[in-house]
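>>> Sequence first, then the predicted structure:
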Amino acid sequence: MSDASEVSGTDSEGVRPPDGSLEPGADSDGAADVGAWVAYYMYRALGTVMQNLPEVVAAAAASVVASTLSVFSGKAGAMYGRHLRRVLGPDLSNAELRATTQRAFLNYGRYWFEGARLPALGPDVIADRFVVESGWDHLVSGMEAGNGVIMALPHIGSWEWGGAWLALQGYPMTSVAEPLKPPAMYDWFVAQREAMGLTIVPLGADASRVLLRTLRAGKLVGLLCDRDIAGNGIEVEFFGERTTMPAGPAMLALRTGAVLLPTAVYSGPGLDHTAVIMAPVDAQRRGGLRQDVARVTQLIADDLELLIRRAPQQWHLFQPNWPSDHEKRSTSS
């Protein structure tokens, strides 16, 4: 496994539309390059506006935009519906599917507007609006053990809120994001998260080495790992169907002895954010490295299922995530 594949659990969903049109490589021609720059200026301007508007006005504006997107969601909405049936079962009625899909877009709008405002919020606001429902002792004891902690995160709620709050507790998080185009988009994305107390490492040949150093220094790493963006992950069963997940969390835990904690940060209740930290995954060496990585990655997948099932309407996954999703999209194009 190459260094890059070891840390292929990445995130930059907060600056992408649900249709994934800002995926790496999406701007392969001149027209798309122009579109990417337009998107960058639009996101940056909207982010600035969101920070300066009164909160209630910004929230209402985000809801209107999200509701409009849900009406014209097209392929993104249909793809989310496929994922939702995996989570909630094939007996989900069409009415329930439509209602939950609309809530998913509204929650994505909340994620975006709160993420845009987060760098400008004071520490007291962040502290007042964050609660750890369970598992705080797992994080504290893991950090005290001295080999670092890896949080394995799904695209649920707002992980950035968790990162900002953890920085206030003296546990700053390092994470990974794949480069976006234009580069100014990625630079803006990184600057926003650095303002929250997060350290962002670009996905590439050096990412694995940076994360290994971070963990060996006894620090905290957070990796979103419910989606194999690079396409070179480990095969797992996830919601009853085979797909792949990034090898990064398992590989890093096995190589460093870091404590591996599946974690989610949910939006709500109200304006609050609620973290759930699960018990450590068994990441002890038992045999060959590849076999151990496969075993641990499946354990992560099992725990992520539990975290996602708690609030599937907050799962920001509008893109294909299983092989059959790609087949369905190609036949319906």
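Arrived safely, thanks for sending.
>>> what about the strands in the stretch 1-150 of the chain?
Assigned by DSSP state E, counting those that start in this stretch, the strands in the stretch 1-150 of the chain fall at 130-134, 149-153.
>>> can you list these in a markdown table and add distance to Gly81, mean neighbour count and mean pLDDT?
No exception for glycine: its C-beta is placed from N, CA and C like everyone else's. A markdown table is the format used below for these (distance: least, C-beta to C-beta, whole Å; neighbours: other C-beta atoms under 10 Å; pLDDT from 0 to 100):
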| stretch | distance to Gly81 | mean neighbour count | mean pLDDT |
| --- | --- | --- | --- |
| strand 130-134 | 29 | 15 | 98 |
| strand 149-153 | 23 | 30 | 98 |
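>>> between those strands, which one is nearest to Leu69?
strand 149-153 (23.8 Å; C-beta to C-beta).
>>> what's that closest one in contact with?
Strand 149-153 has contacts (C-beta atoms under 8 Å, 6 or more residues apart in numbering) with 9, 11, 139, 142-143, 159, 162, 173, 215, 220-226, 249, 252-253, 258-265, 277, 281, 300, 303-304.
>>> Parallel or antiparallel, list what pairs with it.
Strand 149-153 has its sheet partners listed here by DSSP bridges as strand 220-224 (parallel), strand 259-267 (parallel).
>>> And the next helix or strand along the chain from the shortest one, what's buried?
Following the chain from strand 220-224 toward its C-terminal end, the next helix or strand by DSSP states H and E is strand 234-238. When neighbours are counted by 16 or more other C-beta atoms under 10 Å, the buried residues of strand 234-238 are found to be 234, 236, 238.
>>> Kindly report the same for stretch 302-318.
Those would be 303-305, 307-308, 311-318, for stretch 302-318 by 16+ other C-beta under 10 Å.
>>> now swap in stretch 148-166 and tell me
For stretch 148-166, burial by neighbour count (16+ other C-beta under 10 Å) applies to 148-166.
>>> Ok, which of the strands paired with strand 149-153 comes nearest Thr48?
For the strands paired with strand 149-153, the distance to Thr48 is smallest for strand 259-267, at 22.4 Å, taking C-beta to C-beta.
>>> Using just helix, strand and coil, how would you label Leu271?
coil (DSSP: H, G, I helix; E, B strand; the rest coil).
>>> what's the burial count for it?
Close neighbours of Leu271, defined as other C-beta atoms under 10 Å, add up to 13.
>>> Quick check, pLDDT for it.
Predicted confidence (pLDDT) at Leu271: the value is 91.
>>> ok, now how distant is it from Trp315?
From Leu271 over to Trp315 the distance is 20 Å, taken as C-beta to C-beta, to the nearest Å.
>>> Please produce JSON lines containing the strands of the stretch 1-150 of the chain, extended by distance to Phe113.
Converted to JSON lines, those look like this (distance: least, C-beta to C-beta, whole Å):
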{"stretch": "strand 130-134", "distance to Phe113": "17"}
{"stretch": "strand 149-153", "distance to Phe113": "20"}
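>>> So which of the ones you listed is nearest Ser324?
In terms of C-beta to C-beta, the element of these nearest to Ser324 is strand 149-153, at 24.2 Å.
>>> And the next helix or strand past the closest one?
The helix or strand immediately downstream of strand 149-153 is helix 159-168, counting by DSSP H and E.
>>> what sits up against that following helix?
Here helix 159-168 makes contact (C-beta under 8 Å, 6+ apart) with 11, 14, 114-115, 118, 121, 123, 126-127, 129-130, 151, 153, 172-173, 175, 193, 196-198, 220, 222, 224, 263, 265, 273, 275.
>>> now the helix or strand Leu299 falls within and strand 259-267, what's the angle there?
Assigned by DSSP H and E, Leu299 falls within helix 289-310. Counting by axes from the mean of the first three to the mean of the last three C-alpha atoms, to 10 degrees, helix 289-310 points 20 degrees away from the direction of strand 259-267.
>>> And helix 289-310, what does it pack against?
strand 149-153, strand 234-238, strand 241-245, helix 248-256, strand 259-267 (3 or more C-beta pairs under 8 Å, 6 or more residues apart in numbering; DSSP states H and E).
>>> Take those and lay them out in JSON lines including distance to Pro54.
Converted to JSON lines, these look like this (distance: least, C-beta to C-beta, whole Å):
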{"stretch": "strand 149-153", "distance to Pro54": "31"}
{"stretch": "strand 234-238", "distance to Pro54": "41"}
{"stretch": "strand 241-245", "distance to Pro54": "41"}
{"stretch": "helix 248-256", "distance to Pro54": "39"}
{"stretch": "strand 259-267", "distance to Pro54": "20"}
